[in-house]
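Student: Here is my input; please provide its structure:
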Amino acid sequence: MPAELLLALCAFALVSSITPGPNNLMLMSSGANFGFKRTLPHMLGVGIGFSLMVFFVGIGLAQLFTAYPISYTVLKVFSVVYLVYLAYKIATSAAPEDQQQNAKPISFLQAAAFQWVNPKAWSMALTAVSVYSPSNSIDSIALVALIFGLVNIPSVTVWTMLGQQLQNFLTNNHRLRIFNGVMASLLIASIFPVLS
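Tutor: Numbering: from 1, shown residues only. As a prediction, this is how the structure comes out:
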């Protein structure tokens, strides 16, 4: 890959990974509600899961949408329904001291699987593969996936740490309920680009 294309890919990966979207909003909420350490599997699930998604999209999964256009509509509907469900779960989260012992942040596997219904992740993966891997060679696709993995982990770390820092402010149930409501609303707002 030419140096200028590699630099452009790194810039695209950084901008698309660090800007608000469903993953980052959920990580910030998890950091605020559960702390950094307990959110670590969620962070790794996002980073590794998205890199795998880019790779599989690059080797031909995106052609499924071309061959069967209804599959894209089904994915879009399922994505919207699932994001609304997640927004509800965030909005109704209890304060850490009020949570039952079995309350847990999203796991590594859940976060990795979430990439497949995340509209922003699909948009990023399809753009990355079509623009930065025009040859569609396995080496080129693997490099694009690797760059996203290397850029994504620090990006999601920033959002989780921001959420954890908010724990100092979210010291009472009223503030935490407002924060969770705002995070849920922002997650719902992230759906609108998919609907248009």
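
Student: what is the rounded mean pLDDT of the longest helix along the chain?
Tutor: Ranked by number of residues, the top helix in the chain under DSSP state H is helix 138-166. The average pLDDT for helix 138-166 rounds to 93.

Student: Same check on stretch 52-60?
Tutor: The model assigns stretch 52-60 a mean pLDDT of 91.

Student: Which positions in that stretch come out as buried?
Tutor: 53-58 (16 or more other C-beta atoms under 10 Å). Where you see a C-beta, it was placed from the backbone N, CA and C, and this is true even at glycine.

Student: Using PDB, write out every CA atom in that stretch.
Tutor: Extracted in PDB, the C-alpha atoms of stretch 52-60 (Å, rounded to 0.1, in the frame of the first residue of the first chain):
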ATOM      1  CA  LEU A  52     -12.700  -9.100  12.100                       C
ATOM      2  CA  MET A  53     -15.800  -7.600  10.600                       C
ATOM      3  CA  VAL A  54     -13.700  -5.400   8.300                       C
ATOM      4  CA  PHE A  55     -11.700  -8.500   7.200                       C
ATOM      5  CA  PHE A  56     -14.900 -10.600   6.500                       C
ATOM      6  CA  VAL A  57     -16.600  -7.700   4.700                       C
ATOM      7  CA  GLY A  58     -13.400  -7.300   2.600                       C
ATOM      8  CA  ILE A  59     -13.200 -10.900   1.600                       C
ATOM      9  CA  GLY A  60     -16.700 -10.900   0.200                       C
END
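
Student: picking that back up, tell me the one among the buried residues of stretch 52-60 nearest to Gly21.
Tutor: Checking the buried residues of stretch 52-60 against Gly21 by C-beta to C-beta gives Met53 as the nearest, at 13.9 Å.

Student: what's in contact with the strand or helix carrying that closest one?
Tutor: Secondary structure from DSSP states H and E places Met53 in helix 36-56. By C-beta atoms under 8 Å, 6 or more residues apart in numbering, the surrounding residues in contact with helix 36-56 are 23, 26-27, 30-31, 104-116, 121, 124-125, 128-129, 141-142, 144-146, 148-149, 152-153, 156-157, 160-161, 163-164.

Student: Show me which of these are buried.
Tutor: Buried among the contacts of helix 36-56 by 16+ other C-beta under 10 Å: 23, 26-27, 30-31, 105-106, 108, 111-112, 114-116, 121, 124-125, 128-129, 141-142, 144-145, 148-149, 152-153, 156-157, 160, 163-164.

Student: residue ranges with poor pLDDT in this protein?
Tutor: 62, 94-102, 193-196 (pLDDT under 70).

Student: now with 90?
Tutor: Scanning the chain for pLDDT under 90 picks out the ranges 1-6, 16, 19-22, 25, 29, 32-33, 58-105, 117-124, 126-138, 166-196.

Student: before we move on, back to that, buried stuff in the helix holding Met53?
Tutor: 36, 38-43, 45-51, 53-56.

Student: Many thanks, we can stop here.
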